[in-house]
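Colleague: Any chance you can model this:
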Amino acid sequence: MDALELVALVAVSAAVAGAARRTPVPAPLILVAVGLAASYLPGVPTYHLDAHIVLPLLLPPLLYTAAVDSSYLDLRANIRPVALLSVGYTLFATVAVGWLAYRIIPDLPLTAALVLGAVVAPPDAVTAAAIARRVGLPARVTTILQGESLVNDATAITAFRVVLAAAVGEGVSWAAGIGEFLLASVGGVAVGLLLMVPLHWLRTHLKEALLQNTLSLLIPFVAYAAAERVHASGVLAVVVVALYLGHRSWQVDFATRLQEAAVWKMVAFVLESAVFALIGLQLPFVLKGLDTFGVGEALGYAVVVFLAVVAVRFVWVYPATYLPRWLSRRVREREPGTDWTAPLIVGWAGMRGVVSLAVAFSIPLVTHDGAPFPARNLVLFLTFTTVIATLVIQGLTLPVLVRALKLPGRDPQKETLIEAQAQSEASTAAEARLDALLADPRNSLPPPLADRLRTVLERRRNAVWERLGAAHPVTGESADDTYRRLSRAMIEAEREVFVRLRDQRRIDDEMLRTLLRRLDLEEAAAYRETDET
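Modeller: As a prediction, this is how the structure comes out:
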C-alpha cells in the first residue's frame, strides 16, 4: 500500500462515515458494506490487513480512546460481570467454538480448531463502543460491554498464542500455556501500573499544551510496546494506563484538555472509519485458496460457526448473570437486581471486529516442520464471515431489540437535576473562595470587575436550573440557550470586523490571529458544545 492508496482509504472512509452519521444505520455497518462493495470494483487498490500493523499501530490508540472515556469507578463497581465476560466467556468461547469446529469440519486438527475459536472469541472494543453510542443502552449495560471489550482482546490474543504454538508444533504443555497466560495478564497489568504514575506526572508538569498533547498521542504506543517487549499483554497495559489518566484528567490544565479532546476525537474518527472499511475490503483475500473446500461447503461451515458463536455467548451470559446472585448473598447486596432483558442485550451485543481478522491473518503459512498450516484459508474465511455476520445481523437488529424491550434509558430530567445540584454546590464553594480572596488587600479589584466575576458565577449556577424550567413559547429555547446564541452572534460580529480590518491592511495577520483566538476562548466559555454521539 503506497501513500496515495493510504490517503484514499482514509479520505473515502471518513467521507462515508460522515455521511452515515446522517442516517439511522450505525456507521460501522455502512462502512463494512461499502468496503465489501468496493473490494470488487475495478481500479480499487488491494488493501491487506497485516497483524504487524493493526495490533501495534491501530489497536493501541483505539483502546486508549475507549478506555480514557470509560469510568474507572463504574468499571470497578461492575468488576465481577466484566471479568466473567472478558476472561471467562472468552476462554469458554475459545474452547466451545473450537471443539464444535473440530467436530464438524473433516480433517481439521483440534489445535487448529482451537486457533479458530480463539480468533472469533472476543467481541470488539471499537464495535461495542460505536454501536452502544447509537442505540442508547442503559448505563450499566454499556459499562459492562465496554469493560468486557477493553480486556477480552488481551485474553483472546494470549489464548491464540498458546494454541497457535501447539498447532505449529512447538510442543507447548498445559502448564506452559497457563504460565504464558498468567505472564501476559499479570505482566500487562504490572507494566500499566508502573507506567501510569510517571506518565501522569509528565502530563501535569509539561507546561505547554502542544507538548502535553504530543505526549498524549505517544502514550498508548509506549505502553503497548513496553509490555510486549517483556512478553506481557500490551492491551492490558494500555487499558490500565488509560483508565488511570482518564480518572485524573482533571489535574491537567484546561488548554491541554480542550486540545486533547479535539485531537483524540479526530484520531478515533479516522481510525474507526478506516478500520471498518478495511474489514469489508478483505473479501478477496479470504476467498483465495478455498478451492480445497469449495465456497458452498465453506458457507455451510460459516453458518454453523456463526450460530455457535451466538449460542455460546447466551449459554455463558445467563448463568454468569444469575448463578453468582443465587450463590452469594454478598453479590445480591452489592449489585442491583436485573431481569431477563439485560442479559439478552448483553448476549446479543457480541459483534466481532478488526482484532479477530488481524489475528487470523497472523496465522503462519506453514508449521515448524514445513507442512502447510491445516485449513488456514478456511479459518480466515470463517473468521471473516463471523465478523461480517455479527456486524450486520446483530448490529442491525440490536437497536430494534432495544426499542422492542423498552429498556429504561437515561432520564434527561433526572440527570439535569443532578447536574444542577452539583453546579450549585460548586458555585457556593467558588463564591466563598472569591469572598475570601477579595478580603485580602492584595486582591483588591474595582467594583465593576468584582461584580463581573460574581455575574459570571451566578450565570453558571443558574444556567442548569433554567434547563429544568419552561422553554420560550416561540423558540423552544431556555434562557441559557438564548444567552449563548446571542453571545455567539455578538462574537461573530466582532470577528467580521477584525477580518475586515485585516483585509483593509489596518491590522496584520499576526494581530488578527491573536484577536480571533481571544474571541474563540470567549465563545468556548459562553457556549458549551454538546458532543454528537
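
Colleague: Next one: the residue of the chain most remote from its centre from R452, what distance?
Modeller: Taking Cα atoms, centre = their mean, the residue of the chain most remote from its mean C-alpha position is P441, at 50.5 Å. According to Cβ to Cβ, to the nearest Å, P441 stands 20 Å off from R452. For the C-beta atoms, the positions are set from N, CA and C on the backbone; glycine is no exception.

Colleague: low pLDDT regions in the stretch 401-533 of the chain?
Modeller: Low-confidence segments of the stretch 401-533 of the chain, defined by pLDDT under 70: 408-413, 463-480, 526-533.

Colleague: if you set the cut-off to 50 instead, what comes out?
Modeller: 529-533 (pLDDT under 50).

Colleague: any idea where the helices of it begin and end?
Modeller: 412-438, 447-468, 479-503, 509-526 (DSSP state H, counting those that start in this stretch).

Colleague: Dump those helices to TSV, plus mean neighbour count and distance to G147.
Modeller: Output for the helices of the stretch 401-533 of the chain, formatted as TSV (neighbours: other Cβ atoms under 10 Å; distance: least, Cβ to Cβ, whole Å):
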stretch	mean neighbour count	distance to G147
helix 412-438	13	21
helix 447-468	14	29
helix 479-503	14	35
helix 509-526	13	32
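
Colleague: V97: which of those helices is closest?
Modeller: helix 412-438 (39.9 Å; Cβ to Cβ).

Colleague: contacting residues for A156?
Modeller: 90, 94, 118-119, 121-122, 355-356, 359 (Cβ atoms under 8 Å, 6 or more residues apart in numbering).

Colleague: State the pair within the residues you listed that is farthest apart.
Modeller: Applying Cβ to Cβ across the contacts of A156, the maximum distance is between T94 and V355, 13.9 Å.

Colleague: okay, and the helix or strand of this structure with the least pLDDT?
Modeller: Least confident helix or strand of the chain, by mean pLDDT, DSSP states H and E, is helix 125-135 with a mean of 64.

Colleague: Low-confidence bits of the chain, can you list those?
Modeller: For the chain (pLDDT under 50), the answer is 529-533.

Colleague: can you give me the strands in it?
Modeller: With DSSP state E as the definition, the chain shows no strands.

Colleague: ok, so what distance separates the most centrally placed residue in it from V222?
Modeller: The structure's the chain has its C-alpha centroid closest to A66; by Cα atoms, centre = their mean the separation is 3.1 Å. Plainly put, A66 is 18 Å away from V222 if you go by Cβ to Cβ.

Colleague: about what we covered before: just checking, which of the contacts of A156 belong to helices?
Modeller: Members of these lying in helices (criterion: DSSP state H): 90, 94, 118-119, 355-356, 359.

Colleague: about what we covered before: tell me which of T94 and V355 has more neighbours.
Modeller: Between T94 and V355, counted using other Cβ atoms under 10 Å, the more crowded position is V355 (30 against 26).

Colleague: got a list of what the nearest residue in space to that one that is not next to it in sequence touches?
Modeller: Take V355 and drop its neighbours on the chain: the residue closest to it by Cβ to Cβ, 6 or more residues apart in numbering is D153, 5.3 Å away. Applying Cβ under 8 Å, 6+ apart, we find D153 in contact with 59, 63, 122, 125, 235, 355.

Colleague: separation between D153 and A66?
Modeller: For D153 relative to A66 (Cβ to Cβ), the value is 11 Å.

Colleague: Please apply the same query to L417.
Modeller: From L417 to A66 the distance is 29 Å (Cβ to Cβ).

Colleague: Same check on E335?
Modeller: Distance from E335 to A66, by Cβ to Cβ: 23 Å.

Colleague: And for I105?
Modeller: In terms of Cβ to Cβ, I105 sits 34 Å off from A66.

Colleague: Could you list which residues are in contact with A20?
Modeller: Applying Cβ under 8 Å, 6+ apart, the residues contacting A20 are 26-27, 30-31.

Colleague: what does V25 give?
Modeller: Counting by Cβ under 8 Å, 6+ apart, V25 touches L396.

Colleague: do the same with V230
Modeller: 187, 191.

Colleague: any idea how far it is from P220?
Modeller: Distance from V230 to P220, by Cβ to Cβ: 17 Å.

Colleague: which residues touch A358?
Modeller: Counting by Cβ under 8 Å, 6+ apart, A358 touches 49-51, 54-55, 59.

Colleague: nearest to P399, of those?
Modeller: L59 (26.5 Å).

Colleague: And that closest one, how far from V239?
Modeller: 11 Å.

Colleague: Comparing the two, which shows the higher neighbour count?
Modeller: V239 (30 against 26).

Colleague: How about the contacts made by the more buried one?
Modeller: 63, 67, 150-151, 154, 192.

Colleague: Next: I219.
Modeller: Each residue near I219 by Cβ under 8 Å, 6+ apart is listed here: 64, 199, 241-242, 245.

Colleague: how about the residues you listed, which pair is most distant?
Modeller: Most distant of the contacts of I219, by Cβ to Cβ, are Y64 and L199, 11.6 Å apart.

Colleague: Mutual contacts of the two, please.
Modeller: Residues touching both Y64 and L199 by Cβ under 8 Å, 6+ apart: 219, 241.

Colleague: more neighbours, the two?
Modeller: Y64 (26 against 20).

Colleague: Look up how far L217 lies from that one.
Modeller: According to Cβ to Cβ, Y64 stands 9 Å off from L217.

Colleague: which of the contacts of D153 lies closest to G347?
Modeller: Distances from G347 to the contacts of D153, taken by Cβ to Cβ, are shortest for P122, at 15.0 Å.

Colleague: Run a quick check on N443 versus L437, I expect a contact.
Modeller: Yes - N443 sits in contact with L437 when judged by Cβ atoms under 8 Å, with a separation of 4.8 Å.

Colleague: which residues make contact with stretch 198-218 from outside it?
Modeller: Contacts for stretch 198-218 (Cβ under 8 Å, 6+ apart): 61, 219, 222-223, 241, 244-245, 248, 251-253, 255-256, 258-260, 263-264, 267.

Colleague: Quick one: buried ones out of these?
Modeller: Buried members of the contacts of stretch 198-218, scored by 16 or more other Cβ atoms under 10 Å, are 61, 219, 222-223, 241, 244-245, 252, 256, 260, 264, 267.

Colleague: Show me the two of those residues that sit farthest apart.
Modeller: The span of these, defined through Cβ to Cβ, is set by Y244 and V267 at 19.7 Å.

Colleague: wait, P336 sits on R140?
Modeller: Yes - counting by Cβ under 8 Å, R140 is a contact partner of P336 at 7.2 Å.

Colleague: So for those two, which sits in the more crowded spot?
Modeller: R140 (16 against 8).

Colleague: where's that one relative to V346, distance?
Modeller: In terms of Cβ to Cβ, R140 sits 10 Å off from V346.

Colleague: now S273
Modeller: 26 Å.

Colleague: before we move on, what about R485?
Modeller: 41 Å.

Colleague: what does G43 give?
Modeller: Distance from G43 to V346, by Cβ to Cβ: 43 Å.
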